[in-house]
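**Student:** Fold the following.
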Amino acid sequence: MTEHNFEHMRRAMIASQLRTTGVNDAAVLAAMGEVARERFVPRDRVPLAYADAVVPLGGGRELNPPMALGRLLTEAAPREGERAMVVGAATGYSAAVLSKLVGPVVAVEQDPALAAAARESLAGYPVTFIEGPSTEGHAAGAPYDFILIDGAVEFVPDALVAQLRDGGRLAAGIVEQGVTRLALGRKAGEGFGMAAFTDAAAAILPGFEKPRTFTF
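**Tutor:** Residues are numbered from 1 along each chain as shown. Next up, the predicted model:
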């Protein structure tokens, strides 16, 4: 495939996957139109880079559909100068897009193979990449105005909420009874709450599962 092919696919993604599903923030659309999504998938998955579906990255991890990222960023409305962190950054696509909106970004990923791929793919982007447990975030860079958990989770760790600035936002896919809903949360003093706004497919992140209890 040529760069012209990919440019056409990016335009099609914006027209058919983003604008039609409520991604209407001009800055978000521009950022997703600029970042070459094909750089952030394995070579044998490049033809699927702009598919309206999760894309396997290896090691049981997946790249989320464009719509999921677009809606989360639209609802959170991150802006230039805000301090932001991406948790579960995988190969770095969402961190690259977010950096177009806010400037420098912290990205955390615990899988060594994905972290290595991300460091290569993110060359030239203002992203500080941290390899470590996703559930712990990066407290040294806190407090954050915005935290994006790049995937679906069954709970939001207290460690991440603690790294939010008062009034800060956190966006993620929340899994409830087998259904994934995109949600936006806000911190107010010692309180934190999330509100879902739409259903969507999103890859489940390891380490964010609730402990299973025994039942008869």
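
**Student:** quick one: contacts for Ala53?
**Tutor:** By Cβ atoms under 8 Å, 6 or more residues apart in numbering, the contact list for Ala53 reads 65, 201. Just so you know, the C-beta spots here come from the backbone N, C-alpha and C atoms, and that holds for glycine as well.

**Student:** Kindly recompute the last result at 6 Å.
**Tutor:** Contacts of Ala53 were listed using Cβ atoms under 6 Å, 6 or more residues apart in numbering, and they are Pro65.

**Student:** I'd assumed it was in a strand, is it?
**Tutor:** No. Applying DSSP: H, G, I helix; E, B strand; the rest coil, one finds Ala53 to be coil, outside a strand.

**Student:** does the spatially most central residue of the chain sit in a helix, a strand or a coil?
**Tutor:** Centroid-nearest residue in the chain, with Cα atoms, centre = their mean: Asp150, separated by 2.9 Å. Assigned by three-state DSSP, the conformation of Asp150 is strand.

**Student:** pLDDT at it, what is it?
**Tutor:** For Asp150, the pLDDT comes out at 96.

**Student:** what about Asn64, how many residues close to it?
**Tutor:** Counted with other Cβ atoms under 10 Å, residues neighbouring Asn64 total 24.

**Student:** I'd say Leu73 and Val28 touch.
**Tutor:** Yes. Look at Leu73 against Val28 with Cβ atoms under 6 Å: they come within range, at 4.7 Å.

**Student:** Show the low-confidence segments of this structure, by residue range.
**Tutor:** Scanning the chain for pLDDT under 70 picks out the ranges 1, 4, 212-216.

**Student:** if we can go back for a sec, surely the residue nearest to the centre of the chain and Gly88 touch.
**Tutor:** Yes. Between Asp150 and Gly88 there is a contact under Cβ under 6 Å: 4.7 Å.

**Student:** list residues touching both of these two?
**Tutor:** By Cβ under 6 Å, 6+ apart, Asp150 and Gly88 have no common neighbours.

**Student:** Just give me the longest strand of the chain.
**Tutor:** Longest strand of the chain, by residue count under DSSP state E: strand 164-176.

**Student:** on contacts alone, who are the packing partners of that one?
**Tutor:** Applying 3 or more Cβ pairs under 6 Å, 6 or more residues apart in numbering; DSSP states H and E, we find strand 164-176 packed against helix 66-76, strand 144-153, strand 179-188.

**Student:** quick one: which of these is nearest Ala195?
**Tutor:** Distance to Ala195, taken as Cβ to Cβ, is lowest for strand 179-188 among the helices and strands packed on strand 164-176, at 6.1 Å.
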